[in-house]
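*Asks:* Turn this into a model:
(one chain, ligands or ions: 1)
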Amino acid sequence: MSQPAHLEQTIAEPMEFAGVGLHSGAPVTMRLLPAPAGSGIVFRRTDLDNFEIPAVGRNVAKVSYATSLMRQGVLISTTEHLLSALIGMGVDNVIVELDNLELPILDGSSLPYVGAILSVGIRSQRRRRESIRVLRPVEVREGNKFIGVYPGSGYRIDYIIDFPAPIGWQHASVDLATETYGAFIAPARTFGYKADEQRLRNMGLIRGASPENAIVLTPDGPENGPLRFIDECVRHKVLDLIGDLALAGRRIEGHVVAERAGHAMHTALVSRLMKDRSAWELARVPVAEESAEGSEAAHLPAAAMANPALIGA
Ligand SMILES: [Zn+2]
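*Replies:* As a prediction, the model looks like this:
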């Protein structure tokens, strides 16, 4: 998104998605409903008496390959792509109903969510929006993995990955104040190595994975190409990061730097940040300059995929 709105927002109409969970392979139907100002993002398991789990850091379950929320033993799994789209598109309040434990993987990106949000529209609400303004650096390091958040205006992310061939070293630098989430980040799909597939399946993971919802990598390149961007993998890591940091409860105002991180590092940063009350403050989002919001719809995500100038940008 461009400059964020100064009022909270919800979706104008309900939206529905159906598919399978990436890890469980379980079929799921998911409905997003408009929610009142101040409610945040709340998941609801319709198969378990409408049990609710707010999308906030204190409900994060132990994570490895995906981010999951748990409350009183009830699980909601693989929340990151939807939360990323909601933060990226500026949706603060929504109820997410699902009839199984894992969100649908859809095409492996957050583009289907962005497309649906653009088609139903966004509604402004009567409550000033607040962001989490970072005041002091907060860092998490584990071996050669690192993630930190620093004071800075807007929401800037620098992400470095270093994977075996064919990905190699990739760096993405994204400023969500000036670049559109829908064009630069949302289309980037999840990815995995063909060589890891059997091991992950033996662990009970990626039961729903298919060439339709993940980039399958061999040492020679993607098996199901072409890629949507030459640096699609690192862009997907940025997508995941935005979704995981959404568990702070509000959009971050600051600069995030991540190196070789993943879901566990992302959510560790959220808990460390939330615990250190001297490191951030809630800050009202200033009233945007004229037309700053209206520019969003002009950047349809499909245009980014069709526009070769954006490839590798
Ligand atoms: Zn992902």
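
*Asks:* Point out the residues in the stretch 51-200 of the chain that sit beside the ion.
*Replies:* Residues of the stretch 51-200 of the chain lying close to the ion (Cβ under 5 Å from the ion) are residue 190. Where C-beta positions appear, they are placed from N, C-alpha and C, glycine not excepted.

*Asks:* show me the contacts for the residue of the stretch 201-313 of the chain found nearest the ion.
*Replies:* Scanning the stretch 201-313 of the chain for proximity to the ion using Cβ to the ion identifies residue 240 as nearest, at 4.1 Å. Taking Cβ atoms under 8 Å, 6 or more residues apart in numbering, we find residue 240 in contact with 67, 80-81, 84, 262-263, 266.

*Asks:* So which of those is surrounded by the most neighbours?
*Replies:* With neighbours set by other Cβ atoms under 10 Å, the maximum within the contacts of residue 240 is found at residue 81, which has 30 neighbours.

*Asks:* For the closest residue to that one other than its chain neighbours, give me its contacts.
*Replies:* Excluding the flanking residues, the one nearest residue 81 by Cβ to Cβ, 6 or more residues apart in numbering is residue 110, at 4.6 Å. Shown in contact with residue 110 (Cβ under 8 Å, 6+ apart): 81-82, 84-85, 88, 185-186, 239, 243.

*Asks:* of all the residues you listed, which two lie farthest apart?
*Replies:* Taking Cβ to Cβ, the two most distant members of the contacts of residue 110 are 82 and 185; they sit 13.7 Å apart.

*Asks:* Please say which of these two ends up with more neighbours.
*Replies:* residue 185 (30 against 27).

*Asks:* Leaving out chain neighbours, which residue sits closest to that one?
*Replies:* In space, residue 185 is closest to residue 239, 5.1 Å off (Cβ to Cβ, 6+ apart).

*Asks:* Tell me who's in contact with the residue of the chain most remote from its centre.
*Replies:* In the chain, residue 220 marks the outermost C-alpha relative to the chain mean, sitting 28.6 Å out by Cα atoms, centre = their mean. For residue 220, the contact set (Cβ under 8 Å, 6+ apart) comprises residue 166.

*Asks:* Then residue 200?
*Replies:* 65, 192, 206.

*Asks:* Can you list the buried residues in whichever strand or helix holds it?
*Replies:* Using DSSP states H and E, residue 200 sits in helix 197-202. Within helix 197-202, the residues scored as buried using 16 or more other Cβ atoms under 10 Å are residue 200.
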